[in-house]
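Trainee: give me the fold of what follows.
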Amino acid sequence: MSDQFSNSQVIRKPAVSTKGGIVAAQSRRAAEVGAEVLAAGGDCVDAVIATTFTLGVLEPWMSGAGGGGAMVLYRAQENRVEVIDYGMRAPDGLRLEDYPLTGGAASDLFPWARVKDDRNLHGPGSIAVPGVVAGMEEAHRRHARMPWKDLLAPSVKLAGEGLLVDWWTTDMIASSAADLRRYPASAAAYLLDGLPPNAQWGIRSVVRMPQDALKATMAQLAAAGPRDFYEGDLARSIADDIQAAGGALSVRDLAAFRAHLREPLRIPYRGGTVYATPELTAGPTMARTLGLLQKALAPAQGGPDAVAYAAYAEALQAAYRERLKDMGDVDGRRALGAEAVAPSCTTHFSAVDRDGNMAAVTQTLLSTFGSKFVTPNTGLTMNNGIMWFDPVQGNPNSLAPGKRCLTNYTPVVAEAADGRRFAAGASGGRRILPAVSQLVSFVMDFGMNLDTAIHAPRIDASEGAIVIGDVRLPQAVREALRGRFDYEEARIQTQPKKFACPSIVLRDGTTNSGATEPFHPWSDAIAEA
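Mentor: Purely as a prediction, here's the structure:
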């Protein structure tokens, strides 16, 4: 490791505890909105819906109505866990001849062959059918207590205020500015004279980027309801914008889209149970990882030692080898897939209410700012889900019309042998699974509370043979890993991230606690007042 950063700096973000509800999210302001819903008597699912749409306004580079995702819900009264899957899919009208190969490798997250003009990476041709609104529709139908329009009201208000520019906003926009400036509506939404906006030094200076079109869209969605996004005026506006720019997504694609209620994967672990997302997520790989860990790891007193971290690395590498050989979707069957080596653009939040209902929610646009394409009439930043597919035909995960996307996200709800329940997940592409697996182990193997677990150093083993260790690991652990693996070290840092960014809530008896990644500048766990 070669860098110029301080070796003595200490950053901590204490877990919070309460008898009330908690929302733990990558945006403090979004978590506050969710906590306010809980304080007003809302169910955990009400908080999920309000937080989701608020995140789409506050961090539009990570998620929003133009993306997709999944949630794992625990319903306390019925003692039941369920999954709502609203992952994206390719438009039915997509034409393979529009994605000719040019030779060389793709320039983004996946090791694909390059497509002419990077049509599968950014722009209207990269957009898959978005699922977030359908996911929230299904969750609201099943469990919400509060009116849909009330839950969207905070996002309308915040969009009316405009996107607040601080150094984190600038950093996120700067990372994608070269592609954002290709599309007029995107440049207008996020750039000033073709360059990223900058926060000012003056104590009373405030820079905001107007979100007028997005405000109007959120107001329309609040008033007309979620089906308007798929069958009404919003659907027609979204499809018209995308097709006018040369994309395939149509009103018919939107009208046909539905979220799906699925049975969770039930993973026995250390006398408890982990419930994960099934099918084309990283849930099956989580099951394999924990199965290997249960055999290889003998929990020791005092927390994970060198033997434990080596077991994490070996289990993760073995599970990933299997995943990359045996995942994908060909006519609904599992098949070969490939995944992002670099972190993708995702948000994760977890929530618990005073009754013990829980949610682990992961949503994504795939790349940072997704397709980099903002629909001019709606102000929505759209996903680039087409990039999930191999553009070379004849392979199991090859691009095809109507096909479902293979994803990396891994939200989980779990019950430990000691009776504690928790909901967890993370953002960070392939690095999500290692982070969530270790958090599960920290709580279920070593009995950690959230404050200890969120600050415990982790490894990452999602980059093939390389194992990446946190420089804060004890020296004996670092030496042991270096002796057994192709080992590199990195810092938990704000940017660029070398580890995933988790958010977690836990219930012990009637006391709830919540914690988020200490190094993320915006994230926080917020308790209801």
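Trainee: list the buried residues of stretch 365-374.
Mentor: Residues of stretch 365-374 classed as buried by neighbour count (16 or more other C-beta atoms under 10 Å): 365-374. Any C-beta I mention is one placed from the backbone N, CA and C, and that applies to glycine too.
Trainee: keeping just the C-alphas, turn that stretch into CSV.
Mentor: Only the C-alpha atoms of stretch 365-374 are listed here, as CSV (Å, rounded to 0.1, in the frame of the first residue of the first chain):
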residue,chain,number,x,y,z
LEU,A,365,-29.0,2.6,-10.8
LEU,A,366,-26.0,0.2,-11.5
SER,A,367,-23.3,2.7,-12.5
THR,A,368,-22.8,6.1,-10.8
PHE,A,369,-25.7,8.2,-12.2
GLY,A,370,-26.8,5.0,-14.0
SER,A,371,-27.1,5.7,-17.8
LYS,A,372,-26.1,9.4,-17.2
PHE,A,373,-29.3,10.1,-19.0
VAL,A,374,-31.9,12.4,-17.4
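Trainee: quick one: distance of that stretch to the chain centre.
Mentor: 13 Å (C-alpha atoms, centre = their mean, to the nearest Å).
Trainee: pLDDT of it, averaged?
Mentor: Averaging pLDDT along stretch 365-374 yields 95.
Trainee: can you check stretch 445-457 too?
Mentor: Here the average pLDDT along stretch 445-457 is 97.
Trainee: ok, and the closest non-adjacent residue to residue 291?
Mentor: Nearest in space to residue 291, with sequence neighbours left out and distances taken as C-beta to C-beta, 6 or more residues apart in numbering, is residue 267 at 7.6 Å.
Trainee: quick one, what contacts the one you found?
Mentor: Contacts for residue 267 (C-beta atoms under 8 Å, 6 or more residues apart in numbering) come out as 273-276, 286-287, 290-291.
Trainee: picking up where we left off before, in JSON lines: the buried residues of stretch 365-374, plus distance to residue 185 and secondary structure.
Mentor: Formatted as JSON lines, these follow (distance: C-beta to C-beta, whole Å; DSSP: H, G, I helix; E, B strand; the rest coil):
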{"residue": "365", "distance to residue 185": "16", "secondary structure": "strand"}
{"residue": "366", "distance to residue 185": "19", "secondary structure": "strand"}
{"residue": "367", "distance to residue 185": "17", "secondary structure": "coil"}
{"residue": "368", "distance to residue 185": "17", "secondary structure": "coil"}
{"residue": "369", "distance to residue 185": "12", "secondary structure": "coil"}
{"residue": "370", "distance to residue 185": "13", "secondary structure": "coil"}
{"residue": "371", "distance to residue 185": "12", "secondary structure": "coil"}
{"residue": "372", "distance to residue 185": "10", "secondary structure": "coil"}
{"residue": "373", "distance to residue 185": "8", "secondary structure": "coil"}
{"residue": "374", "distance to residue 185": "4", "secondary structure": "strand"}
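Trainee: list the contacts of the worst-scoring helix or strand of the chain on mean pLDDT.
Mentor: Counting by mean pLDDT, DSSP states H and E, the weakest-scoring helix or strand in the chain turns out to be strand 101-105, with a mean of 85. Contact partners of strand 101-105, identified using C-beta under 8 Å, 6+ apart, comprise 111-116, 391-392.
Trainee: give the ChimeraX command for selecting the buried subset of those.
Mentor: Buried subset of the contacts of strand 101-105, written as a ChimeraX selection, criterion 16+ other C-beta under 10 Å:
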select :112,114,115,391
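Trainee: relative to residue 94, which of the contacts of strand 101-105 is nearest.
Mentor: residue 391 (11.4 Å; C-beta to C-beta).
Trainee: was I right to think that closest one contacts residue 399?
Mentor: Yes: here residue 391 lies in contact with residue 399, judged by C-beta atoms under 8 Å, at a distance of 5.4 Å.
Trainee: can you list residues touching both of those two?
Mentor: With C-beta under 8 Å, 6+ apart as the test, residue 391 and residue 399 both reach 99, 120.
Trainee: if we go by neighbour counts, what in the longest helix that the chain contains is buried?
Mentor: Counting by DSSP state H, the longest helix found in the chain is helix 306-325. By 16+ other C-beta under 10 Å, the buried positions in helix 306-325 come out as 306, 308-320, 323-324.
Trainee: can you check stretch 470-489 too?
Mentor: Neighbour-count burial for stretch 470-489 [16+ other C-beta under 10 Å]: 470, 473, 477-478, 480-481, 485, 487, 489.
Trainee: all the strands of the stretch 51-200 of the chain, residue numbers only.
Mentor: Assigned by DSSP state E, counting those that start in this stretch, the stretch 51-200 of the chain shows strands spanning 68-75, 80-86, 101-105, 113-115, 163-164.
Trainee: I meant the stretch 201-350 of the chain, not that one.
Mentor: With DSSP E, counting those that start in this stretch applied, the stretch 201-350 of the chain shows strands at 208-209, 260-262, 265-269, 272-276, 345-352, listed in chain order.
Trainee: what pLDDT, on average, does stretch 50-69 get?
Mentor: On average, stretch 50-69 scores 97.
Trainee: any idea how far residue 206 is from residue 169?
Mentor: 12 Å (C-beta to C-beta, to the nearest Å).
Trainee: go on, residue 454?
Mentor: 24 Å.
Trainee: then residue 368?
Mentor: 12 Å.
Trainee: re the thing from before, including distance to residue 3, could the buried residues of stretch 365-374 go into a markdown table?
Mentor: What follows is those, written out as a markdown table (distance: C-beta to C-beta, whole Å):
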| residue | distance to residue 3 |
| --- | --- |
| 365 | 29 |
| 366 | 29 |
| 367 | 26 |
| 368 | 22 |
| 369 | 27 |
| 370 | 30 |
| 371 | 33 |
| 372 | 30 |
| 373 | 35 |
| 374 | 35 |
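Trainee: of these, just say which sits nearest to residue 242.
Mentor: The closest of these, once distances to residue 242 are taken by C-beta to C-beta, is residue 373, at 7.7 Å.
Trainee: OK, contacts around that closest one?
Mentor: Contacts of residue 373 by C-beta under 8 Å, 6+ apart are 122-124, 126-127, 183, 185-186, 242, 245, 247, 381-382.
Trainee: over to residue 387?
Mentor: 106, 108-110, 112, 120-121, 126, 366-367.
Trainee: swap the cut-off to 10 Å and go again
Mentor: 106, 108-110, 112, 115, 118, 120-122, 126, 128, 340, 344, 366-367, 370-371, 399, 405 (C-beta atoms under 10 Å, 6 or more residues apart in numbering).
Trainee: next one: residue 90
Mentor: Applying C-beta under 10 Å, 6+ apart, the residues near residue 90 are 127-129, 248-249, 253, 385-386, 388-389, 399-405.
Trainee: point out where the stretch 251-400 of the chain drops to low pLDDT.
Mentor: Counting by pLDDT under 70, the stretch 251-400 of the chain has low-confidence residues at 324-344.
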